[in-house]
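Visitor: Let's see this in three dimensions:
(chains A and B)
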Amino acid sequence: AQTVTQSQPEMSVQEAETVTLSCTYDTSESNYYLFWYKQPPSRQMILVIRQEAYKQQNATENRFSVNFQKAAKSFSLKISDSQLGDTAMYFCAFMKHAGANSKLTFGKGITLSVRP
Amino acid sequence: DTGVSQNPRHKITKRGQNVTFRCDPISEHNRLYWYRQTLGQGPEFLTYFQNEAQLEKSRLLSDRFSAERPKGSFSTLEIQRTEQGDSAMYLCASSFSGGRKDTQYFGPGTRLTVL
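Guide: Residues are numbered from 1 along each chain as shown, chains lettered A, B, ... in the order given. Next up, the predicted model:
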C-alpha cells in the first residue's frame, strides 16, 4: 500500500516571496504519478501540478514547480511570487500508473497562509 | 463544459435517516470516483466506476453505503441508517482514462452533518 506524508501542518509566507511545501511518499511501484492539489477555504479542490515518475525533468506550471527526488521518494512544491489567492490547503497525492485502479492516495495536507 | 457538479451541497440529517448524494461528472469522462474528507484530513478513497461498472470499493465503505452509476453517466452515493461518524465532506471526481493520463477533476463536495 502507498502512503503519503506531509509533516508540516501549517506554513505562512509573505506576499511576493517564495515558499516550499514538503511531501514524502512510500511505494514499491516503479511507475506512478504525483500531484499537488489546492483546496481554498470553502471551495473545491483544483489540480496545481502533476509529475510522472518516469520523467526526470521536474514539472513546472507558471509560478508553481516541483522538486521530484525519486530515490528519496520526495516531492516538494515551490510557489514563487506568492499571491494572496494562494492561501489554501495543499494536498500531495499519489496515483499508480494509469490503467490500474487510478485512485488517489492523499497526504493530510498543509495549510498555507499568504500574508499581505 | 461546466465541470463536475454535486448535489446537494449541504445536507443535515438525523441519526438513523437515509441520505443520497448525486454527482454529475464532466460529460466525456468515463471514470468516476467517490472520496470522503473529514475536517483537517486529506480525502480518502471510497469507490470508483469505469463507465457503469463499479470496479473497486474501499474497506471504508461499510454495508450501509451503496453507490451506483446507471448508464455510465451520473452517480449516486446512498448512506443508510446514518451515524454521527458519517459526518464528513463527500467528494466526487471524474477522469478520462484515455485522456491526459487520468487526471482527476473534483466537484465542490457535499457536506453531510449527522445530528
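Visitor: contacting residues around residue B:3?
Guide: B:26, B:105, B:107 (CB atoms under 8 Å, 6 or more residues apart in numbering or on different chains). (C-beta placed from N, C-alpha, C; glycine too.)
Visitor: rerun that using 10 Å as the cut-off
Guide: Taking CB atoms under 10 Å, 6 or more residues apart in numbering or on different chains, we find residue B:3 in contact with A:44, A:46, B:24, B:25, B:26, B:94, B:105, B:106, B:107, B:108.
Visitor: Is it correct that it falls within a strand?
Guide: No: assessed with DSSP: H, G, I helix; E, B strand; the rest coil, residue B:3 is coil; it does not lie in a strand.
Visitor: per-residue confidence at it?
Guide: Predicted confidence (pLDDT) for residue B:3: 92.
Visitor: before we move on, what about the one 5 residues further on?
Guide: We have a pLDDT of 96 for residue B:8.
Visitor: Just the buried ones from the contacts of residue B:3?
Guide: A:44, B:24, B:25, B:26, B:94, B:105, B:106, B:107, B:108 (16 or more other CB atoms under 10 Å in any protein chain shown).
Visitor: ok, now which ones touch the second one?
Guide: Residues in contact with residue B:24, defined by CB under 10 Å, 6+ apart, are B:2-7, B:32, B:73-75, B:92, B:94, B:107.
Visitor: same deal with the last one?
Guide: Under the criterion of CB under 10 Å, 6+ apart, the contact list for residue B:108 reads A:42-45, B:3-7, B:9, B:89, B:91-92.
Visitor: and these, which are buried?
Guide: A:44, A:45, B:4, B:6, B:89, B:91, B:92.
Visitor: Surely the second one touches residue B:33?
Guide: So that's residue A:45. No: Residue A:45 is beyond contact range of residue B:33, at 11.9 Å (criterion: CB atoms under 10 Å).
Visitor: tell me the pLDDT at residue A:31?
Guide: On the pLDDT scale, residue A:31 is placed at 86.
Visitor: so where's chain B uncertain?
Guide: Counting by pLDDT under 70, chain B contains low-confidence residues at B:1, B:98-101.
Visitor: Of all the residues in it, which one is nearest chain A?
Guide: Of all residues in chain B, the one sitting closest to chain A is residue B:42 (3.2 Å; CB to the nearest CB).
Visitor: For residue B:111, list each beta-bridge partner.
Guide: Under the criterion DSSP bridges, residue B:111 forms beta bridges with residue B:10, residue B:89.
Visitor: what's around the nearest residue to residue B:14 once chain neighbours are set aside, how many residues?
Guide: Here the nearest residue to residue B:14 in space, its sequence neighbours aside, is residue B:115; by CB to CB, 6 or more residues apart in numbering or on different chains that works out to 5.3 Å. Residues near residue B:115, counting by other CB atoms under 10 Å in any protein chain shown, number 10.
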